[in-house]
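Engineer: only the shape, not the letters, is given here:
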Ligand code: 5U1
């Protein structure tokens, strides 16, 4: 740790610096809902200060940020004095630190056997306290500095998941539940889309969006934000009996109608903690909201009592953090990449940084509007986010670290690959290379898309091979793939006779893919898999689709004027007609779709949400479509059924408010059987 080997004077100076920095970042995070650095870097500052204070006890100060939680409340809100302080959590960053926590717990309790811990995800949101008096929601407050929070009753009352009145039996006279308000990824994306459309400022991440929504003076603003809560603990409890274990406490909260995490569970000893941590780390991306670790709490509440707390955190609980998904690094340069539809995308070339479990040296900057909105410049220290399989992205800039005269990023006037003019249509955020299939970059991407798993699924035709084939002048369009012969393929670098044979067999199988796959594979702008399936159902052949005018196209579900224009234009372009003719000549004969005429669910519109247990969502979609139904992405007043699995999120709330019939998995099965 950085503390080692410093003179007392050096250590004092560094501690002062760190305290100042931490206090500044506390204000940015807790008061302004606008953090400047990623959590991992904030944690590192705190840990450095803790290490210094450990090594040099004379530096300990009662007002050190290591002894405090959050920030003082903002004076715009009324102050709420917490009856029981709202604590923070100590962190473990690896298995060893977690094992040390477990050892300390057993040592203090004087027990040898494995301790039961209650485990649940640590949400990345805003901690709040909800006070219920005789079962009625009386007051909601933020954590603030742990002693005094902000009164946010007016905004919290707009959250659909928070009951204004508790239900069930044995409701305490005075109950203070504590939990975390958060926003799902889906809600966050929708919110940012709406903000973008309205020309308003977008949010950097769901946590800021959630915290900003709660800490609003106008509750109408909050009402429009898709917020959720999971409750996990207690402050005051009077006039009722307190459960004996943490898990019973969470069950009681649930019985009183408060939302709790569906992933909470009791685990045994450090081994159980390890298993749970690993399991949730693997599922982190599929939860649909941000979590940054797991909270483990000693399950017996009498043991919690005897363990007590240190300055700001209980000794009976710990957050075992996941690897950070956001880090800062320096943006060295920007390159422009040309995609399948000619979109020219700025890509940041970064000083390599380890984030989200991998070393990242390239990250997308999306488009020039985003570059301007975030005000990114060459040489900037930027925040990079890498979450799961999603392409790493630059989410923000640390303006304070900008070097003097940092140059702005400019979109090139000419395509960096083929030299054609780069154009940006009015009203479009994306600039495009006007070279079309004359541009080798567009050709490569079009062929990669054509061969991809969800399109023609040509096994063995990976990105590298496509690059090799196009760069070597062996193919120009997808149709050329079907003219490749064994000798040409076997002669390529990293290919042998066997691989060539396998690829030819895969190409042969691809000749008979369904019409909807072929339509999707052709890469018509705005035609995704669902639209391709609707078009295939409606027109039955490429020929019929090519002859349709825009009016006829718009009769198809999901096809509006913009998509209709793209489809129509595609079939007007000679190069595309030539590729289609050559595909036909090469023996590509798509199977026309079987029409589920008069299916039980014909005309019914479904939305799927949450995780299903007996089938995947894609299986459910296939079953519904096979019965003539239609699956769409969002709930509207045209929706007939919402199929809700585990953790359905805001779609269920919306469905309820619109009076849409809500089915569970069994309900869907029955409907499929009975019609
Ligand atoms: N899930 C969960 N999050 N969280 C945050 N439990 C939990 N407990 C907390 C905090 C700050 O604090 C108690 C251990 C006091």
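Structural biologist: Right, received. Where do you want to start? Quick caveat, the model's predicted, so the values are computed rather than measured. Numbering: from 1, shown residues only.
Engineer: using the three-state scheme, assign the closest residue to residue 321 other than its chain neighbours.
Structural biologist: Of all residues not flanking residue 321 in the chain, residue 293 sits nearest, at 3.9 Å (CB to CB, 6 or more residues apart in numbering). Just so you know, the C-beta spots here come from the backbone N, C-alpha and C atoms, and that holds for glycine as well. Classification of residue 293 by DSSP: H, G, I helix; E, B strand; the rest coil places it in strand.
Engineer: quick one: the residue of the chain positioned farthest from its centre from the ligand, how far?
Structural biologist: Distance from the centre of the chain peaks at residue 487, with 45.7 Å (CA atoms, centre = their mean). Residue 487 sits 62 Å away from the ligand, going by CB to the nearest ligand atom, to the nearest Å.
Engineer: give the buried residues for whichever strand or helix holds that residue.
Structural biologist: Residue 487 belongs to helix 486-490 when assigned by DSSP states H and E. Within helix 486-490, the residues scored as buried using 16 or more other CB atoms under 10 Å are 489, 490.
Engineer: neighbouring contacts of it?
Structural biologist: 474, 495, 496, 497, 499, 500, 501, 503, 504 (CB atoms under 8 Å, 6 or more residues apart in numbering).
Engineer: now the very next helix or strand once past that helix: mean pLDDT?
Structural biologist: Downstream of helix 486-490, the first helix or strand assigned by DSSP H and E is helix 497-510. The average pLDDT within helix 497-510 is 95.
Engineer: check stretch 324-337 too.
Structural biologist: 94.
Engineer: how far off centre is that stretch?
Structural biologist: Put simply, stretch 324-337 sits 19 Å off its chain's centre (CA atoms, centre = their mean, to the nearest Å).
Engineer: list the contacts of residue 228.
Structural biologist: 159, 161, 181, 182, 183, 184, 187, 259, 289, 649, 650.
Engineer: roughly how far apart are the fifth one and residue 633?
Structural biologist: What that stands for is residue 183. 18 Å (CB to CB, to the nearest Å).
Engineer: cool, and residue 92?
Structural biologist: 39 Å.
Engineer: more neighbours: which of these two?
Structural biologist: residue 92 (22 against 12; other CB atoms under 10 Å).
Engineer: please verify my assumption that that one contacts residue 321.
Structural biologist: Yes: if you go by CB atoms under 8 Å, residue 92 and residue 321 touch, sitting 6.9 Å apart.
Engineer: OK, contacts around residue 623?
Structural biologist: Counting by CB under 8 Å, 6+ apart, residue 623 has contacts 615, 668, 672.
Engineer: one more time with 6 Å, if that's ok
Structural biologist: Contact partners of residue 623, counting by CB atoms under 6 Å, 6 or more residues apart in numbering, are residue 672.
Engineer: so which strand or helix has it?
Structural biologist: helix 617-626.
Engineer: do residue 422 as well
Structural biologist: Short version, using DSSP H and E: residue 422 is in strand 422-423.
Engineer: so what touches that strand?
Structural biologist: 344, 415, 431, 432, 433, 434.
Engineer: so the last one makes contact with residue 421?
Structural biologist: This points to residue 434. Yes: Residue 434 lies in contact with residue 421 (CB atoms under 6 Å); the separation is 4.9 Å.
Engineer: name the residue in these two with the higher neighbour count.
Structural biologist: Shown here are residue 434 and residue 421; by other CB under 10 Å, residue 434 has more neighbours (15 against 11).
Engineer: tell me who's in contact with that one.
Structural biologist: So residue 434 contacts 420, 421, 423 (CB under 6 Å, 6+ apart).
Engineer: just those now: which is nearest residue 458?
Structural biologist: residue 420 (28.2 Å; CB to CB).
Engineer: that closest one: how many residues sit nearby?
Structural biologist: 18.
Engineer: you'd agree it is up against residue 433?
Structural biologist: Yes: using CB under 6 Å, residue 420 is in contact with residue 433, at 5.4 Å.
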